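>>> I need the structure of the sequence given here:
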Amino acid sequence: MKIYQLFRRQVLKLTLQEAWDFFSSPYNLNTITPDFFHVTVTSKVPEKIYAGLMISYRMKAVFGIPMAWLSEVSHCEEPKRFVYQQRIGPFKFWSHEVCLTEQDQGIILEDIMFYAMPLGWLGEFINSVLIANKLEQIFDTRRDYFQNKWVMNQ
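Okay, the predicted model is just below:
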C-alpha cells in the first residue's frame, strides 16, 4: 500500500481562537473549497469538537458522483490541533491534521494529510491522473481564499 502525503503551511491574520472556531467547524468546508467539492454535513455536530466525535457527510468530489463519508475526530487539543480520520469513505486510509500555532499578529496554519488509495495499482493510477490533482485544487482554493482575506504580509 502506497501512502501519499500533502503538506500545506500558511500564515494568517487571525487570533488563535478565531482560527480554531473557523477550522474546527465542518460547516465552513464549502466556503474554502472549489465548487466541484460540495459537502453536506448529515449528522449533528456540537459547537465544540472533541476526540471521538463522528461526523457524517455526503459529498460530490469526483465527477459529481455522491458519496458517503464518515470521519472521526481522533485527536483534539483546543485551540491548537485536531486530527480527523476517515472511517467510511472512498480512501483505503485518510488522516488530516490541522495545526494552529500562535505567532506575532496572527497564526501559522499547517495541514498535514496522509492517504492511501484502494484497488492496488489501479488506485495508484487513479491517484496519479485524477485524485492528487483534485486534492491540490482543494488546498489551492483554500490558500487563495485566505490569501485574499487573512494572509499576513511578509
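
>>> part of a helix, is residue 17?
Yes. Assigned with DSSP: H, G, I helix; E, B strand; the rest coil, residue 17 falls within a helix.

>>> backbone dihedrals for residue 89, please?
In terms of degrees, to the nearest 10, the main-chain angles of residue 89 are phi 170, psi -170.

>>> which residue packs closest to it, ignoring adjacent ones?
residue 69 (4.1 Å; C-beta to C-beta, 6 or more residues apart in numbering). In short, each C-beta sits where N, CA and C put it, glycine included.

>>> tell me the strands beside the strand or helix carrying that neighbour, with direction?
Following DSSP states H and E, one finds residue 69 within strand 65-77. Next to strand 65-77 in the sheet, as set by DSSP bridges, lie strand 54-62 (antiparallel), strand 81-88 (antiparallel).

>>> list of residues touching that strand?
Surrounding strand 65-77, the residues in contact under the criterion C-beta atoms under 8 Å, 6 or more residues apart in numbering are 49-61, 81-90, 94-95, 97.

>>> select only the buried ones of those residues in PyMOL?
To isolate the buried members of the contacts of strand 65-77 in PyMOL, using 16 or more other C-beta atoms under 10 Å:
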select buried, resi 49+53+55+56+57+59+61+81+82+83+84+85+86+89+90+94+95+97
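
>>> what about the nearest residue to residue 87 once chain neighbours are set aside, distance to residue 56?
The shortest distance from residue 87 to any non-neighbouring residue, by C-beta to C-beta, 6+ apart, is to residue 70 (4.6 Å). Going from residue 70 to residue 56 by C-beta to C-beta, to the nearest Å gives 5 Å.

>>> repeat for residue 146
For residue 146 relative to residue 56 (C-beta to C-beta), the value is 27 Å.

>>> for residue 108, same thing?
Residue 108 is 30 Å from residue 56, by C-beta to C-beta.

>>> what distance do you get for residue 83 to residue 74?
Between residue 83 and residue 74 the distance is 5 Å, computed by C-beta to C-beta.

>>> hey, what's in contact with both of those two?
Residues touching both residue 83 and residue 74 (C-beta under 8 Å, 6+ apart): residue 95.

>>> in the longest helix seen in the chain, what's buried?
The longest helix of the chain (DSSP state H) is helix 132-149. Residues of helix 132-149 classed as buried: 135, 138, 139, 141, 142, 143, 146 (neighbour count, 16+ other C-beta under 10 Å).
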